[in-house]
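Participant: give me a 3D structure for the following:
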Amino acid sequence: MKRKITLWLSFTVLLLGGSLSRVFAQCPGDMTIYTDSGACTATINFTEPSFPGILDTVIFQHIPSGQMWIVPAGVDTVEIHAWGAQGNYNSGGVVGGLGGYATGWLPVTPGDTLMVFVGSGPAPGGSAGYNGGGFGGTTLNCPASGGAGGGGASDVRDATGTLGARYIVAGGGGGAGGNRNQGCGRGAGGGGGGGYYGGGGGAGWPSASLVVPTGGTQTAGGSGGTSTYTGAAPQNNGFPGVLGIGGTGGEEIGSNQSGSGAAQPGGVGGGTNGGDGSYVTSYTGQSGAGGSGYIGGVVNGSMSSGVRTGNGEVWFVYHQPAATTQISGVVPGDTSGVDTLVQSYEVDYGSYLDTCTFMIYVLDNQAPTAVCQSETLDVGSTGTASATLGIDGGSFDNCGVTMWTTWSDTFTCADVDSMRMGWLAVWDNSGNSDTCAAMIFVEDQTPPLANCKNLTVTLGPNGTVTIQPGQVDNGSSDVCGVASLSVTPDFFNGQDIGSNLVTLTVTDNSGNISTCNSGVTVVDSFLTGVTEAGPNGIQFEAFPNPTSGNFTVRISCPDCSYGEPLRLKLISLHGTLVLDREVNLINGEFNFDLNLSEKAAGQYLLMLSGDNFNQTRHIIKM
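Facilitator: Next comes the predicted model:
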């Protein structure tokens, strides 16, 4: 048995020796689907692949027995093609009649059993072809003049396998008649071909008879040929065909023939009536008649006669549906995010499994929407600034913005209080992008750096002093430039002698202000710490000054002989006399301790006077 696989409406592969060739399941090509508008998912709409199945052809070749075939699942009709076998050839090479052809559709049910019988032939000599061929007649004592056997029919039956259960038959051809062989004998008759009804067997040398064997019909086997010579041969007449079997050829006896002659080919098999046998050359045997065909058990049947050489053959052609199972992927109507979906299907063709795969690429082709807003940049901290992500005013994308970038000119202090432009670009994960422009306001919002230092100043001759901002500035700065410095307070008098806290105010070019504090110590030029020589060489000092209560007054004049008494007074700035006494230098020196512990804190004037002489010291009581 051979098998042939045909992909329905696609291509055909002939399989020899019963092997099975793969028919590959064909999936559609890869496809691309884009996300739904405004969404990060796509509705997967596609036509699921359908697999139309295959046209499977089972080829039955001749074996000397019936062959069983069970109808596969899903099969409801079998198209049958049957060829009957050619009749046998005689010893001289005269051929048998060609076999017939029959075809038609047979309705079936899955699981049904069909029996197939395939006829054999041609073979040399008088053997009967398998499945109904008639035997060739023999020539006694001269085998070379024997008739050839008829070819076997090919048919399909139900599970019982009986002749009465045949659905379709292709008739076999009749066997060739036996040749006349010099010095050996006259020819015997050829066997009839098998068929729905077998053909009649040919007669041995018919002598004067003109009756040749006839082919099988739709109702009866063909009649055998007749001979008028009834000499020593046991049975010169051919035998008639019967249901399914061709008739046997008539016999002859060996004889010393003076010459030789070739017999006629067998009658053709098939068709409504098989072909008749024939006789032409004297002393040869008649050829056998062909068997009839049959299509009564099939639908839309047809037959042809005399088309087949060699053994018979039967083909079953049927549509084998494909059973499909989805292995992976989605079904129409499913949703998916951006992804690569592997659609894989397993296709069961009954005889084997195959798979096919295609890809569905779910892509996002929707660009994000870049939304810009104005931004104010401060160049005051570093002196430069560029647009930042602060210009993003809520950019969005159906699948989300994943990357932002900005660009602009690099702005400097020269751009302060101006309006410039910046740009924003946004991307999503699929590489889609959008841009927008934003207004950039350039400002200096950074206060300057105020840096102070302490200062000591001395009251002038008039008892006052004024300081400048630069005297307490210790390098205050601003990236975009300092516009002005000011200090408060900046005026001091005798009431400010000692430590004073002042504030330095630094203002930059944009009006930003910073301050710092500085300690200003105010001293009087009359405060001691330095011994001063007055008139007549008198030195006058008081220490410690400032004092918390006790201090010492020292008056000396080592190089003078000032003998006149001096006057020492201590007066508060409010005019209250605290001390008034006479001072006499002893050995040019006078030391006197005073205690102001009970006195109010403030400034006091210590005055030393004499003839044409007056010195004053400021005493600070803390």
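Participant: give me the below-cutoff pLDDT ranges for the stretch 251-400 of the chain.
Facilitator: 351 (pLDDT under 70).
Participant: nope, the chain is what I was after
Facilitator: Filtered on pLDDT under 70, the chain yields the residue ranges 1-24, 231-232, 351, 525-536, 559-564.
Participant: show me what contacts the residue most central in space within it?
Facilitator: What sits nearest the mean C-alpha location of the chain, by CA atoms, centre = their mean, is Thr340, with 2.9 Å. Counting by CB atoms under 8 Å, 6 or more residues apart in numbering, Thr340 makes contact with Met359, Ile360, Tyr361, Val362. Any C-beta I mention is one placed from the backbone N, CA and C, and that applies to glycine too.
Participant: now the residues you listed in JSON lines, with neighbour count?
Facilitator: Output for the contacts of Thr340, formatted as JSON lines (neighbours: other CB atoms under 10 Å):
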{"residue": "Met359", "neighbour count": "15"}
{"residue": "Ile360", "neighbour count": "19"}
{"residue": "Tyr361", "neighbour count": "13"}
{"residue": "Val362", "neighbour count": "20"}
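Participant: hey, what's the residue nearest to the centre of the chain bridged with?
Facilitator: Taking DSSP bridges as the rule, Thr340 bridges to Tyr361.
Participant: helices of the stretch 451-600 of the chain, residue ranges please.
Facilitator: Counting by DSSP state H, counting those that start in this stretch, the stretch 451-600 of the chain has helices at residues 469-472.
Participant: which residues in it form strands?
Facilitator: Assigned by DSSP state E, counting those that start in this stretch, the stretch 451-600 of the chain shows strands spanning 455-458, 464-466, 482-488, 491-493, 498-508, 513-523, 532-533, 539-543, 550-556, 566-572, 577-583, 589-595.
Participant: any idea which of those strands gets closest to Leu377?
Facilitator: strand 498-508 (16.4 Å; CB to CB).
Participant: neighbouring strands for the closest one, and are they parallel or not?
Facilitator: strand 482-488 (antiparallel), strand 513-523 (antiparallel).
Participant: what comes into contact with the longest one?
Facilitator: Right, the one you point to is strand 513-523. Residues from elsewhere that reach strand 513-523 (CB under 8 Å, 6+ apart): 447-459, 465, 467, 472, 476, 487, 492, 496-507.
Participant: just stretch 597-614 next, same as before
Facilitator: Contacts of stretch 597-614 (CB under 8 Å, 6+ apart): 494-495, 497, 534-536, 538, 540, 542, 548-550, 553, 555, 562, 564-573, 578, 583, 596, 615-622.
Participant: Provide a PyMOL selection command restricted to the buried entries of the residues you listed.
Facilitator: Buried residues within the contacts of stretch 597-614, by 16 or more other CB atoms under 10 Å, are selected in PyMOL with:
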select buried, resi 494+497+538+540+542+553+555+562+566+568+570+571+572+578+596+615+617+618+619+620+621
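Participant: you'd agree Trp404 is in a helix?
Facilitator: No: counting by DSSP: H, G, I helix; E, B strand; the rest coil, Trp404 is not found in a helix; it is strand.
Participant: what about Asn365, how many neighbours?
Facilitator: Counted by other CB atoms under 10 Å, the residues lying close to Asn365 total 10.
Participant: that one falls within a helix, correct?
Facilitator: No: secondary structure of Asn365 (three-state DSSP): coil, not part of a helix.
Participant: okay, it and Ile33: tell me how far apart.
Facilitator: For Asn365, the distance to Ile33 equals 10 Å [CB to CB, to the nearest Å].
Participant: quick revisit: dump the strands paired with strand 498-508 into TSV; add mean neighbour count and distance to Phe51 as well.
Facilitator: Below are the strands paired with strand 498-508 laid out as TSV (neighbours: other CB atoms under 10 Å; distance: least, CB to CB, whole Å):
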stretch	mean neighbour count	distance to Phe51
strand 482-488	15	86
strand 513-523	17	84
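Participant: out of those strands, nearest to Phe396?
Facilitator: Per CB to CB, nearest to Phe396 of the strands paired with strand 498-508: strand 513-523, 41.9 Å.
Participant: just how off-centre is the closest one within its chain?
Facilitator: Between the mean C-alpha location of strand 513-523 and the chain-wide mean there is a distance of 74 Å, by CA atoms, centre = their mean, to the nearest Å.
Participant: and for stretch 209-225?
Facilitator: Distance of stretch 209-225 from the chain centroid (CA atoms, centre = their mean) equals 75 Å.
Participant: next, the distance between the ends of that stretch.
Facilitator: Start and end residues of stretch 209-225 are separated by 9 Å (CA to CA, to the nearest Å).
Participant: what comes up buried for that stretch?
Facilitator: Buried residues in stretch 209-225, defined by neighbour count with 16+ other CB under 10 Å: 209, 211-217, 221-225.
Participant: what of stretch 504-512?
Facilitator: Within stretch 504-512, the residues that qualify as buried by neighbour count (16+ other CB under 10 Å) are Leu504, Thr505, Val506, Thr507, Asp508, Asn509, Ser510, Asn512.
Participant: now for these: which two are most distant?
Facilitator: Of all pairs in those, the most separated under CB to CB is Leu504 and Ser510 at 18.7 Å.
Participant: helices along the stretch 301-450 of the chain, start to end?
Facilitator: For the stretch 301-450 of the chain, applying DSSP H, counting those that start in this stretch gives no helices.
Participant: strands along that one, start to end?
Facilitator: Secondary structure of the stretch 301-450 of the chain, counting by DSSP E, counting those that start in this stretch: strands at 313-320, 323-328, 335-337, 339-348, 353-363, 375-378, 384-385, 401-408, 411-412, 418-428, 433-443.
Participant: what packs against the fifth one?
Facilitator: Packed against strand 353-363, as judged by 3 or more CB pairs under 8 Å, 6 or more residues apart in numbering; DSSP states H and E, are the following elements: strand 31-34, strand 339-348.
Participant: what's the most buried one of those strands?
Facilitator: Mean neighbours per residue, mean count of other CB atoms under 10 Å, is largest over these for strand 339-348, with a mean of 17.
Participant: just give me how far it sits from the chain centre.
Facilitator: The answer for strand 339-348 is 12 Å, by CA atoms, centre = their mean.
Participant: send over it as PDB, restricted to the C-alpha atoms.
Facilitator: What follows is strand 339-348, C-alpha atoms only, in PDB (Å, rounded to 0.1, in the frame of the first residue of the first chain):
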ATOM      1  CA  ASP A 339       4.700  43.200  24.200                       C
ATOM      2  CA  THR A 340       5.700  40.500  21.700                       C
ATOM      3  CA  LEU A 341       3.100  37.700  21.700                       C
ATOM      4  CA  VAL A 342       4.000  34.300  20.500                       C
ATOM      5  CA  GLN A 343       1.000  32.700  18.800                       C
ATOM      6  CA  SER A 344       1.600  28.900  18.500                       C
ATOM      7  CA  TYR A 345      -0.800  26.300  17.300                       C
ATOM      8  CA  GLU A 346      -0.600  22.500  17.200                       C
ATOM      9  CA  VAL A 347      -2.300  20.900  14.200                       C
ATOM     10  CA  ASP A 348      -3.400  17.300  14.300                       C
END
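Participant: that strand to strand 323-328, inter-axis angle?
Facilitator: With axes from the mean of the first three to the mean of the last three CA atoms, to 10 degrees defining the directions, strand 339-348 sits at 150 degrees from strand 323-328.
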